[in-house]
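Student: Provided below for reference: sequence and predicted model.
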Amino acid sequence: MRGILSAAGYVPYRRLARAQIADFLGAGGGKGTRAVASHDEDTTTMGTEAARLALRSAPGTGPDALWFATASPAYLDKTNATAIHAALRLGGGVPAFDFGGALRSGAGALMAALGASGTVLVVSADQRDGLPTSSDESGGGDAGAALLVGDDGPATPVVAEHLASASATDEFTDRWRPPGDQRSRVWEERFGETRYVPLGRDAWDRALKVAGTEPSDVDRVVVTGMHPRAVRALAGALGLADGALADDLSARVGQAGAAHPGLVLSSVLEDEAGRRAAGDVGPGRTVVLVHLADGADVTVLRTTDALAGWRPARTVTAQVAAGADLPYGRYLSWRGQLTVEPPRRPEPQRVSSSAAWRSDQWKFGFVGSRDRSSGAVHLPPARVSMTGGAFDEMEPLPLAEDLGTVVTFTVDRMAYSPSPPIVFAVVDFDAGGRFPIELTDVDADEVAMGDRVEMTFRRLFTADGIHDYFWKARPVRGTGPSESKGGDA
Amino acid sequence: MGSHGIFDRVAIVGMGCTNFGERWDKGLDDLIVDAAKETFDSAGIDKDGVDAYWIGTAQSGMSGITLARPLQLQGKPVTRVENYCTTGSEALRAAAYAVACGAYDVAMAVGAEKVKDSGFQGLNANNPPGDGTARTLTAAAMFSMVAPAYCAKYGVDDEQMADVLATISAKNHYNGARNPRAQFRREVSKETIRASPRVAGRLGVFDCAGVADGAAAAIVVRAEDAHRYTDKPIYIKALSLAAGSGSGLIDPGYDYTHFPECEQAARDAYAQAGITDPRHQFAFAEVHDCFTPTELVLMEDLGFAERGTAWKEVLAGTFALDGPLPVNPDGGLKSFGHPVGASGLRMFFECWLQLRGEATADRQLHSDRTLALTHNLGGYPGEMVSFVSVVGSEPG
């Protein structure tokens, strides 16, 4: 049996209330909110956060391969999945590949993984932009998703079995974006709708036939894509039972492009696990994912007995609920649509490639060292102990999954930041050790000594086109794990 | 093994110091030439009378050529030193030790920094290429964590602390207003200080040292030769340096209410100079008031006040110009700004003036005590270098 072993979505902390757009510009906007990546996030970091959650929910297994899909890659030429690979501290023998560029790549990577062998971590992330007042601006969203796909096993059982997949592929130009452009362009909506609806029907019919399932027997259906009119029309044409159509999160998160199928599927599986745990439903529920992008891709899954024992580390629902509003002006500056005065301090120098490579365990993995003789924790890792002075008696101490407490903090209004001021805290980790570190996803006036924080993988700045990835801390907001699991060296 | 110092073996026989400030009209070479010329004149010798040179500059130049070119030194041993904000003091330490060991008869230390050509606010370090994980905080932010920690440890409330810090700043501005070489030469009220815009944490603009260009220099000789150059030499009693390991940043035991490197440097300097009661033995002290909470904590680290009491001493006026132990009678970094390579020697220059009775009349101290202390620190709480010297106008 092959299928999904674990799943997680990542929804960034900030929300743009769509009404703010019309308030500001007199046009555009709408109801609800969209999720907004922080100024220190990109698709690589959001994918990493989702992957961390998915792996945390599947203890006892590691992927044999990492695939990363996005339509908004942080780099071209250079593989983005390798940074995620490094942040997850996967072995050098685990390949990391990008499925780059197209919105279809997220759903495609999932289908490919379901048809492949071994355990594949399918990560997707997207950051959706549009010109101010456009429907892409208000309707888009930023998010990540991670689906761990593999064969049923005692340590990590399949929670949703793969029954069938079917695709319908067609070449037509509905939505496009030349490399380097921030905005996408779309053809007249009616044309896309007349293509997508029959393509979706065709793939749906074939997938259900292979799965041996009638439309009326499908318990949950996700229909998603960046063409809302086609999505609505297809969903209405599938002959679904009442209540089967899942919330596609467009009201509060927005359409997260290549990441959206994984995000919504994760949310549905989390919801199914919750219902199952509550005794509301039994095993064997049919869940179908339909994604429309340059054709249609349909995947049919069936929940297993093991779903009852699956504990999502942090649900999409909880993340959606935990968000905080972002003023539209700040949104525009974060997206580079509005340039604001930077601090009059020098911009950071580009990161040294060779120095970053040497310290990849620290920089990407947040692995410190602990002196075996004294127990003293060194962040970053050191060779000589600050306590007792022993040479080369260190063992690695991974702390990315550990929690910490704010000992003291400050607000730096003068230091360079893409979004000043910098909020900075001295953090003591539960597993031992202290590190002074920047806080993120936080407002300066809400920090207090004693606050609990967790680690998050971020992009500090970009210089000479090189992104500086490292870790920050952010408040634990009641959505996190109740206990720390750090120090698992 | 041991730190023995060079008690009374070396004396300063000439000093010079430029006006500090935004010296748009002066380049590094001009500042160096101005300070050196005044120093040569002060000692009554010319550049060929100096056997070896040290130039302290944090980032205005590299190598001894930074000094040899503007002074046109021909074939002399000239060494550039750098040790964060102790750079100028380190130049003097090197020159003094070179003379003490007998390698040279006459040595000169020059400290200089051209800060204001960068076009940016504040001090900016040129860091070597790295992995991108180093902190990018300003020094103000790092030092801003001191006052809240001190308040929590000693039960000082925010209002009291704001008053303490404003008192320190106002005192240094009061002193600087009486110093023609200072960058800022006006008194500033505590109300103005407390109302200044925030820079980092609770620190406002007036809690921070200024940013200035400047240079200062000293000529040292063996103590027994000193009277060939001046009737009033200043004797070096102690020179001490402590470099921290940076462990304070990552040690959960560190509480941000003291600077161990400063305590260590003071302990060593006091042992070298035979100081047993620093509160009552010094005529005055020049300390590294980069930020107002720094000066507060230093009063305890240097043994001028018991732990947890310096804030009360500040409010009582203990460290004021007319107090029992004046601190920063020249106005400190607060009034002078902080050209990194020059600051340490600028402090020695105040000792030179005060102990010889040559300070301007409105800030000249009249003390029976003949000893003074200078102190620098560079870096941050948890990761710093610290320098302490003791000098005196009398041998023995």
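Tutor: That came in fine, so what should we check first?
Student: Can you tell me the SS state at the residue nearest to A:T61 when sequence neighbours are not counted?
Tutor: Across the structure, with C-beta to C-beta, 6 or more residues apart in numbering or on different chains as the measure, the residue nearest A:T61 apart from its sequence neighbours is A:T156 (3.9 Å). For the C-beta atoms, the positions are set from N, CA and C on the backbone; glycine is no exception. For A:T156, the secondary structure call by DSSP: H, G, I helix; E, B strand; the rest coil comes out as coil.
Student: quick one: contacts for A:T156?
Tutor: A:T156 makes contact with A:5-6, A:58, A:60-61, A:119, A:148, A:150 under the criterion C-beta atoms under 8 Å, 6 or more residues apart in numbering or on different chains.
Student: Just the buried residues from those residues, in ChimeraX please.
Tutor: The following ChimeraX selection, which keeps only the buried ones among those, applies the criterion 16 or more other C-beta atoms under 10 Å in any protein chain shown:
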select /A:5,6,58,61,119,148,150
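Student: among the contacts of A:T156, which are in strands?
Tutor: Per DSSP state E, strands hold the following members of the contacts of A:T156: A:5-6, A:148, A:150.
Student: Switch those residues over to JSON lines; also include pLDDT.
Tutor: Formatted as JSON lines, the entries for these read as follows, by pLDDT from 0 to 100:
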{"residue": "A:L5", "pLDDT": "98"}
{"residue": "A:S6", "pLDDT": "98"}
{"residue": "A:L148", "pLDDT": "98"}
{"residue": "A:G150", "pLDDT": "98"}
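Student: And those, which two are furthest apart?
Tutor: Based on C-beta to C-beta, the longest span within those runs between A:S6 and A:G150 and measures 9.2 Å.
Student: if you take the average position of the chain, which residue is closest to it?
Tutor: Using chain A. Centroid check for chain A by C-alpha atoms, centre = their mean gives A:G144 as the closest residue, at 2.0 Å.
Student: Let me rephrase: I mean chain B.
Tutor: Geometric centre of chain B, nearest residue: B:G344, 3.7 Å, by C-alpha atoms, centre = their mean.
Student: Leaving out sequence neighbours, find the closest residue to residue 311.
Tutor: I went with chain A, as the question did not name one. Residue nearest to A:R311 in three dimensions, not counting chain neighbours: A:S57, with 6.4 Å by C-beta to C-beta, 6+ apart.
Student: looking at chain B here, not the other one
Tutor: The spatial neighbour of B:W311 that comes closest, neighbours along the chain excluded (C-beta to C-beta, 6+ apart), is B:V164 at 4.6 Å.
Student: where's the one you found, which helix or strand?
Tutor: helix B:158-176 (DSSP states H and E).
Student: List the residues that contact the closest residue to A:G282 other than its chain neighbours.
Tutor: Nearest non-adjacent residue to A:G282, counting by C-beta to C-beta, 6+ apart: A:R276, 7.6 Å away. Contacts for A:R276 (C-beta under 8 Å, 6+ apart) come out as A:282-283, A:303, A:307-308.
Student: How many neighbouring residues does A:D23 have?
Tutor: Burial measure for A:D23: 11 neighbouring residues, criterion other C-beta atoms under 10 Å in any protein chain shown.
Student: looking at this, it is in a helix?
Tutor: Yes. For A:D23, which was evaluated using three-state DSSP, the result is membership in a helix.
Student: That one touches A:P327, doesn't it?
Tutor: No. Under the criterion of C-beta atoms under 8 Å, A:D23 makes no contact with A:P327, lying 10.5 Å away.
Student: Which pLDDT value does the model give A:P418?
Tutor: At A:P418 the predicted local confidence, pLDDT, stands at 83.
Student: burial count for it?
Tutor: Look at A:P418: counted by other C-beta under 10 Å, it has 17 neighbours.
Student: can I see the domain layout of the chain?
Tutor: Chain wasn't specified; assuming chain A. By the record's domain assignment, chain A is partitioned as A:2-334, A:353-365+A:397-475 (automatic domain parsing).
Student: my bad, chain B
Tutor: Following automatic domain parsing, chain B resolves into domains at B:10-118+B:213-233, B:139-201+B:236-392.
Student: hey, which strand is longest across chain A?
Tutor: As far as residue count goes, and with DSSP E defining each element, the longest strand of chain A is strand A:452-463.
Student: does residue 318 count as helix, strand or coil?
Tutor: As the question left the chain open, I've gone with chain A. Put simply, A:A318 is helix when judged by three-state DSSP.
Student: what does chain B put close to chain A?
Tutor: If contacts are counted using C-beta under 8 Å from any C-beta of the partner chain, the residues of chain B sitting beside chain A are B:118-122, B:124, B:127, B:129-133, B:135-138, B:140-142, B:144-145, B:148-149, B:152, B:198-201, B:245, B:247, B:249-252, B:254, B:256, B:382.
Student: Go again with 6 Å.
Tutor: Contacts of chain B with chain A, taken as C-beta under 6 Å from any C-beta of the partner chain, map to B:120-121, B:124, B:129-133, B:136-138, B:141, B:144-145, B:149, B:199-201, B:245, B:247, B:249-250, B:252.
Student: pLDDT below threshold where in the stretch 101-250 of chain B?
Tutor: Counting by pLDDT under 70, the stretch 101-250 of chain B contains no low-confidence residues.
Student: And the helices in it?
Tutor: The residue ranges that make up the helices of the stretch 101-250 of chain B, judged by DSSP state H, counting those that start in this stretch, are B:139-144, B:146-154, B:158-176, B:190-194, B:247-250.
Student: Point out the most buried one among the ones you listed.
Tutor: helix B:139-144 (a mean of 26; mean count of other C-beta atoms under 10 Å in any protein chain shown).
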